[in-house]
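>>> Sharing a model prediction with you, sequence too.
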Amino acid sequence: MIIRSNTSGNAWPTIASHNDAILLGLQYQLEQSQWLTPEQIQQSQLKQARQLLTHALTTVPYYKDSLSLLSIDSIPDLDWTAWQRIPILVRKDVQENSQNLISKTIPQDHLPVGAGLTSGSTGRPISLLRTRVTSQMWDAFTLRSHLWYGRDLSKKRAAIRYFEGDIAAAPLGAMQQGWGTAADMFLPHGTVIALNVSTPIVEQAKWLLKENPEYLISYPSNLAALAEFCSKEQIQFSNLKEIATMGELLSIEQRNACREAFGLEIIDTYSAEEVGYIAMQCPSSQHYHVQSENVLLEVVDEAGKPCKTGEVGRVVLTTLHNFAKPLIRYAIGDYAEVGAPCQCGRGLTVLKKVVGRSRNMFIRPDGQKFWPSVPRFTDEMYAALPATRQTQYVQKALDWIEVRAVVEQSYSSELEAKITTFFQKQFEYPYRMTFTYHHSLVNVNNGKFEEFLSELS
Ligand SMILES: [Zn+2]
């Protein structure tokens, strides 16, 4: 691969642009840091975490209150024991203190800041802020993933994923030159093509046959349905050499289905919009390496104590570089099993498996399977939604969906009616929708939580 030049009359070796040079500088460090020992990585994380804590304590109203027992003077000496005493932040805290979690003084060199909302997930979305630094980190870890899996950036990559409304709709989808900001410095450019995941499986297969990409990324549930369809119809995509997944819990069955249908092993990534890259599959095995330079990840038991190898516990994350809306010891709602050190030699923390959110495909009354998602409600509806700890959508019959919510206070009948209308539009069918309210939905033993559950599949 050649790096594009930013200087006139310069063809070899090339002088990269300022932004490309930043990304290459980060990559140079990531290439080395992955081989540090776990102890060295932990010490480096703590060094960065102290910077974040100092910033949070002095400029973020929420932490001024919640961390009032920590004095600024004590932070330079803060060790792991002290770190683990910092209270855990849950989703509800983040929803209810959205404004108070924003720094009053974001450092100039972290600007500009962009706002967003977590999407496609159940319940009230979390508003998030990205900075110049978090975007650079996002790109750096995207580039690390391309390097880990030896991708050829000059080829075609297909993404079948969530888009709002009619964006990237079948039969054409969408196309862009280059693989995005993380890869655009490398020449020659490949292309990225995208298709809305709401597209019926049969149409997805047609689109892939026509486009014939080398790389494919989608959600595990959607890929498994595609694999099942392609096996049955004996469809093969002749150029395909890698299948990657993201966004949901990936099961052994789904891995097997893809291997049988396409003869390829899945590469899985664990990420979240409000945090960025969390963990990526090891290039030489099926477990995950935490992206420890981006997030400080802890796996803790119900009492908040760190889990040992082989134990499953709550995933608690700290965004090490977000100085606009720092999330410190944030329990994202997923569970993971702590793994033993990896044979590959990387010192990055190992997760044997991530037990996160999973999703069943839903079935339309005409028998077509589809990937269900939550519509974007209006601001008024979000304001009217009581704080929801969890929401689950259950397909009870071909024409009936039950909404199960873990709330302190039930929705009003007016709100239920509005939600019904939004879902009927999103799912393009006048489903009957019923609402039930609960104290808890999670099976804590294995932590598996199905946001979209089908009693038909
Ligand atoms: Zn490894």
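It's in.
>>> From here on, just use CA atoms for contacts and neighbour counts.
Noted.
>>> and the closest residue in space to Leu36 that isn't next to it in sequence, what pLDDT?
Nearest non-adjacent residue to Leu36, counting by C-alpha to C-alpha, 6 or more residues apart in numbering: Gly347, 5.4 Å away. Residue-level confidence at Gly347 comes out at 97, pLDDT.
>>> Tell me where the model's unsure across the stretch 201-350 of the chain.
Low-confidence segments of the stretch 201-350 of the chain (pLDDT under 70): none present.
>>> can you map out the helices along it?
Using DSSP state H, counting those that start in this stretch, the helices of the stretch 201-350 of the chain run over 201-211, 220-233, 252-262.
>>> For the residue of the stretch 101-250 of the chain found nearest the ion, grab the count of nearby residues.
Nearest residue of the stretch 101-250 of the chain to the ion, counting by C-alpha to the ion: Trp148, 10.4 Å away. Close neighbours of Trp148, defined as other C-alpha atoms under 10 Å, add up to 15.
>>> so it makes contact with Pro283?
Yes. Counting by C-alpha atoms under 8 Å, Trp148 does reach Pro283; the two are 5.8 Å apart.
>>> got the buried residues for stretch 42-53?
Neighbour counts over stretch 42-53 (16 or more other C-alpha atoms under 10 Å) mark Gln42, Gln45, Leu46, Gln48, Ala49, Arg50, Gln51, Leu52, Leu53 as buried.
>>> Any idea how far apart the tips of stretch 350-363 sit?
36 Å (C-alpha to C-alpha, to the nearest Å).
>>> go on, stretch 195-202?
Taking C-alpha to C-alpha, the first and last residues of stretch 195-202 lie 13 Å apart.
>>> got the buried residues for that stretch?
Neighbour counts over stretch 195-202 (16+ other C-alpha under 10 Å) mark Leu195, Asn196, Val197, Ser198, Thr199, Pro200, Ile201 as buried.
>>> quick one: which of these sit in helices?
Within these, residues falling in helices by DSSP state H are Ile201.
>>> Save the buried residues of stretch 195-202 as a markdown table, and put in distance to Phe370 too.
Formatted as a markdown table, those follow (distance: C-alpha to C-alpha, whole Å):
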| residue | distance to Phe370 |
| --- | --- |
| Leu195 | 14 |
| Asn196 | 11 |
| Val197 | 8 |
| Ser198 | 6 |
| Thr199 | 7 |
| Pro200 | 6 |
| Ile201 | 7 |
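>>> The buried residues of stretch 195-202 in strands, which ones?
Counting by DSSP state E, these place Leu195, Asn196 in strands.
>>> for the ion, what are the nearby residues on the chain?
Contacts of the chain with the ion, taken as C-alpha under 5 Å from the ion, map to Cys282, Cys342, Cys344.
>>> I'd like the residues you listed as TSV, with neighbour count and distance to Val394 appended.
As requested, the residues of the chain next to the ion are exported to TSV (neighbours: other C-alpha atoms under 10 Å; distance: C-alpha to C-alpha, whole Å):
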residue	neighbour count	distance to Val394
Cys282	23	34
Cys342	19	38
Cys344	11	41
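>>> what about the residue nearest to Leu36, neighbour count?
Here the number of neighbours of Gly347 (other C-alpha under 10 Å) works out to 22.
>>> Next up, the contacts around it.
Shown in contact with Gly347 (C-alpha atoms under 8 Å, 6 or more residues apart in numbering): Gln34, Trp35, Leu36, Thr37, Pro38, Ile41, Pro341.
>>> my read: Tyr431 touches Glu402, true?
No. When contacts are counted by C-alpha under 8 Å, Tyr431 is not listed as touching Glu402 (9.8 Å).
>>> more neighbours, the two?
Between Tyr431 and Glu402, Tyr431 has the larger neighbour count (other C-alpha under 10 Å), namely 21 against 18.
>>> Tell me the confidence at that one?
pLDDT, Tyr431: 94.
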